[in-house]
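Asker: structure, please.
(2 chains)
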Amino acid sequence: MKLTRQKLIQSDGAVSVLVVFLGFLVGTILVALVGKNPLNMYKAIFQALSGYNLDNGKMNIRYIGETLNYSIPFILCGLSMGFANRVGLFNIGGEGQYIMGMTIAQTVALLGPQIPVFHWVFAIACAILIGAIWGGVVGILKAKYEVSEVVSTIMLNYVALYLSRIICLQLPGATTYKTANYPDTAVITNSFFTKITNYSLLNNGIFMMIIAVLVFWFIMEKTSLGFGMRATGFNKEAARASGIPVVKSISLSMAIAGAFAGLAGGIVALGSFKYGRVLSGMDGYGFDGIAVALVGNSTALGTTLAGLLFGLLKNAQALMQGKQIPKEITFIIQGMIVIFIALRSALQLYQQYLDKKQLQREVGVK
Amino acid sequence: MSEYAIEMNEITKTFPGVVANDKVTLQVKKEEIHALLGENGAGKSTLMSILFGSYTADSGQIFLDGKPVEIKNPNVATAMGIGMVHQHFKLVQNFTVTENIVLGMEPKKGRILDLGSARKQVAKLSEQYGLQVDPDALVENISVGQQQRVEILKTLYRNANIIIFDEPTAVLTPQEIDELMEILTSLRAEGKTILLITHKLKEIKAVADRCTVLRRGKYIGTVNVSEVSEEDLAEMMVGRAVKFEIEKPEKEPGKVMLSLQHISVKDAAGLDRVKDLSLDVHDGEIVGIAGVDGNGQSELLGAITGLIPVSEGSILLDGQPIEKLSIRDRIEQGLGHIPEDRRKYGVVGEFSIAENSALKNYYQKTYRGRFGILDFEAMQKDAQSLIDQFDIRSAEGASTKAGSLSGGNQQKVIVAREISLSPKVLIIAQPTRGLDVGAIEYIRKRIIDERMKGRAVLLVSFELDEIMNLCDRIATISKGSIVAVNKQYEVTEREIGMMMAGSKTEKQA
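Answerer: Presented below is the predicted three-dimensional model:
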């Protein structure tokens, strides 16, 4: 029994679940404090999760599709942060990589050759590539010249945002906020999904996301490349002294991290919109990805689950408003979850305290 | 009035996972030099930290001069006349000796700092106790031995009657150690009570009156030093009879395997840390580098292993130049490295023993299959055989995280990995630092075994004992240059000590 307790407290997964639970608890209390019925919040979340409306007993499967669709960029940006994190880097540039991916995907969608399948595949490939470049540059700067990746990624986020505006304003039919509609060959909608999910925006991006999760897991946990990267992340000096090419590990990991975020940008551009967007602000997926990776412990499975949770909350926002619950409560829950992540160390302290008490008892008995 | 200056009764102190002190009793008579002996982790430092107020005991009582006291923090300890000379000095490098000594208790004229009278007081103290040191010198410009005197003067300036020395000889040359021993004796003559924390038996025999031995947090006993031998003390410390000399069969050295030719190494500031250094290491030979810490040893080893670039000269491994190769290429050429800082450079703490064992060759065919997929099962199996071979003690076998191992077992993991790669040349730095006697014996034996197998070994150690015990030839390094290379039987520790300090002797080849 004692062992189970220790194992649980020490397991990162269990801490994440506990943290999410606490986040919801605080959200519930807050809703109650402002005089609303917390039950309505859970009804909204339940509807976003299952499509079932508890109030009128109506089922609308579209909500499930939307939740999944919202989760895609969260998961991919979480993978982006998580991958870099495993190599000991802090990728705050997910947003910039995402914006660049989006921008290139829009550009290729509007200007590229309108060949069925090839068109969108090419657009997505370009999004992945530009993301990899946008991240890889940071990696090379970090690995070769010790430029802090935190600073350079933050700066590149702004470069990306304004570069994106400059490029998108040149695209066909560009106004201050949108471009012309894409040709049919560029979009990644999936008519089968559209039909079975009652016209949700769920699209082929979900397959790409699943592939990305598997690629993350495979590289990190199974290959020699991932082994060297993890060693670099845990102890860069020991990795270097053991002959692991840390410069390559760091550069490549930032490139791969950027590729995940770039893919997210491409999928959102071609899957959730019929036209290119001229951004006036950031979408924020890149930043939310940091939280997703934190909650998911930077593992493939954990990040996927955390991303689904964030997607679920985002989709529940509109439903909450319909039930007089302020949608901002979801941001509070997300924020609380991130704050409670700090509990990981608090729980370790608690464990140490318990160990010490036990030891004192043992010594006292003698 | 009590017979004892300090009495610590049944002190117990626990930390998460360990009982550092388990009902430990320490009685120190007035005006004696009392040694506190124990291996690393025996609880010496914890006990002294409790006496000095850095830690609070879970239970037990402290009496000073027969009166029960509660020492809540180091300031209280200072006020009660307890001073501590830490192993790592706590000095401000760009302050003068005087400024460092009075820091925190500066004499003042009104509200103005009175450095003039401070200087006089320091000069008086230094004369009274025979601690020669220039009161106006900057601390960064004086030797380590002199810095230690500054630390001692700091305690005297604060009117300490009881002075705790925490492993005071670890950073000193043999000559400086002799001088320190004289200082300790003269402090005792001046009526001070001295507590000497150490694991060096020779020093205890040299100066201490009585000795208290701790083992794994427990009180073993207190003895009159004059009535016991070094062997007796060692046995009390370790709990079994200890062999001091290691067996080292004769071995004829073979061809030159590692050749350093006029190499220079610069530090980050562009200063030469190694200057025009040449040295050969043969097959089946252990060459030791003796020297005081900070005389270019780390830079030299860094240059050989590839951690730091060489600015001039060349390094030949089995006749091939390696100074321009990557670290991995050097390893593949047959260079093994047991690093000085094992936690920083030797193991990845969050990795298992299996992963750490494969840290240098995971990418090779043995483990790497198609698409770069690693064979973790094979790693696990190979690590298990190393665990059996090298007697690595762990909680969960090959899956145990290296960070959770004891220092000795971590070192065994590193030694096992390096030896299993069958290197032509083995570079070893401080292989036994911080290890207990059992592990020290074992690691030294393994190093001798490698020599018998015909490997070339280059060993850096700050423990002269270790150098004298293990090496066939000894190169003494001072300020980045080799002062002399001698056959082990040609020189005494004392002569090496002289050369370490930079002075020339007739022994110089």
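
Asker: can you report how many residues neighbour residue B:405?
Answerer: Here the count is done by other CB atoms under 10 Å in any protein chain shown, and residue B:405 has 21 residues near it. For the C-beta atoms, the positions are set from N, CA and C on the backbone; glycine is no exception.

Asker: before we move on, which element is residue 22 in?
Answerer: No chain was given, so I picked chain A. Using DSSP states H and E, residue A:22 sits in helix A:12-33.

Asker: not what I meant, chain B
Answerer: Residue B:22 belongs to strand B:18-29 when elements are defined using DSSP H and E.

Asker: would you mind writing the CA trace of that strand as CSV?
Answerer: Coordinates of each C-alpha in strand B:18-29 appear next as CSV, following Å, rounded to 0.1, in the frame of the first residue of the first chain:
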residue,chain,number,x,y,z
VAL,B,18,19.2,8.8,5.5
VAL,B,19,20.0,9.0,9.1
ALA,B,20,23.0,11.2,9.0
ASN,B,21,23.7,11.0,12.8
ASP,B,22,22.2,8.3,14.9
LYS,B,23,22.7,9.1,18.6
VAL,B,24,26.2,10.3,18.1
THR,B,25,28.2,11.4,21.1
LEU,B,26,31.2,13.7,21.0
GLN,B,27,33.2,14.9,23.9
VAL,B,28,36.1,17.3,23.3
LYS,B,29,38.4,18.2,26.1
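
Asker: report the buried residues of that strand.
Answerer: B:18, B:19, B:20, B:21, B:22, B:23, B:24, B:25, B:26, B:27, B:28 (16 or more other CB atoms under 10 Å in any protein chain shown).

Asker: whichever helix or strand comes after it - what's its average pLDDT?
Answerer: Once the chain leaves strand B:18-29, the next helix or strand it forms, by DSSP H and E, is strand B:33-37. For strand B:33-37, the mean per-residue pLDDT is 94.

Asker: what separates the helix or strand hosting residue B:354 from the chain centre, distance-wise?
Answerer: When elements are assigned from DSSP H and E, residue B:354 belongs to helix B:353-357. Offset of helix B:353-357 from its chain centre (CA atoms, centre = their mean, to the nearest Å): 26 Å.

Asker: now that helix - C-alpha only, PDB.
Answerer: Provided in PDB are the C-alpha atoms of helix B:353-357 (Å, rounded to 0.1, in the frame of the first residue of the first chain):
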ATOM      1  CA  ILE B 353      22.500   2.000 -15.800                       C
ATOM      2  CA  ALA B 354      21.800   0.200 -19.100                       C
ATOM      3  CA  GLU B 355      21.500   3.500 -21.000                       C
ATOM      4  CA  ASN B 356      24.600   4.900 -19.300                       C
ATOM      5  CA  SER B 357      26.600   1.800 -20.200                       C
END
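
Asker: next secondary structure after that helix?
Answerer: helix B:376-390.

Asker: counting contacts, what elements does that next one pack onto?
Answerer: Packing partners of helix B:376-390 (3 or more CB pairs under 8 Å, 6 or more residues apart in numbering or on different chains; DSSP states H and E): helix B:353-357, helix B:407-420.

Asker: what would the ones you listed look like in TSV with mean neighbour count, mean pLDDT and distance to chain A?
Answerer: Putting those into TSV (neighbours: other CB atoms under 10 Å in any protein chain shown; pLDDT from 0 to 100; distance: least, CB to the nearest CB, whole Å) gives the following:
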stretch	mean neighbour count	mean pLDDT	distance to chain A
helix B:353-357	28	96	7
helix B:407-420	23	92	9
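
Asker: which one of these lies nearest to residue A:276?
Answerer: Residue A:276 lies closest to helix B:353-357 among these, at 46.5 Å (CB to CB).

Asker: where in chain A is pLDDT low?
Answerer: Within chain A, the segments meeting pLDDT under 70 span A:1-10, A:356, A:359-366.

Asker: and it, which residues reach chain B?
Answerer: A:222-225, A:227-228, A:230-231, A:234-235, A:237-245, A:352-353, A:355-356, A:359-360, A:363 (CB under 8 Å from any CB of the partner chain).

Asker: from what I can see residue B:448 touches residue B:248, true?
Answerer: Yes: contact between residue B:448 and residue B:248 holds when scored by CB atoms under 8 Å: they sit 5.6 Å apart.

Asker: what's the overlap in contacts for the two?
Answerer: Applying CB atoms under 8 Å, 6 or more residues apart in numbering or on different chains, one finds that residue B:448 and residue B:248 are jointly contacted by residue B:470.

Asker: is residue B:136 in a helix, a strand, or coil?
Answerer: coil (DSSP: H, G, I helix; E, B strand; the rest coil).

Asker: could you give the bridge partners of the residue lying closest to it once chain neighbours are set aside?
Answerer: Leaving aside its chain neighbours, residue B:136 sits nearest to residue B:96 (5.5 Å; criterion: CB to CB, 6 or more residues apart in numbering or on different chains). For residue B:96, the beta-bridge partners are residue B:138 (DSSP bridges).

Asker: from what I can see residue B:96 touches residue B:140, true?
Answerer: No: judged on CB under 8 Å, residue B:96 makes no contact with residue B:140 at a distance of 10.1 Å.

Asker: which bits of chain B sit near chain A?
Answerer: Going by CB under 8 Å from any CB, the residues of chain B near chain A are B:12, B:14-19, B:22, B:58, B:305, B:307, B:326-332, B:337, B:339, B:344-351, B:355, B:359-360, B:362-363, B:367-368, B:371-374.
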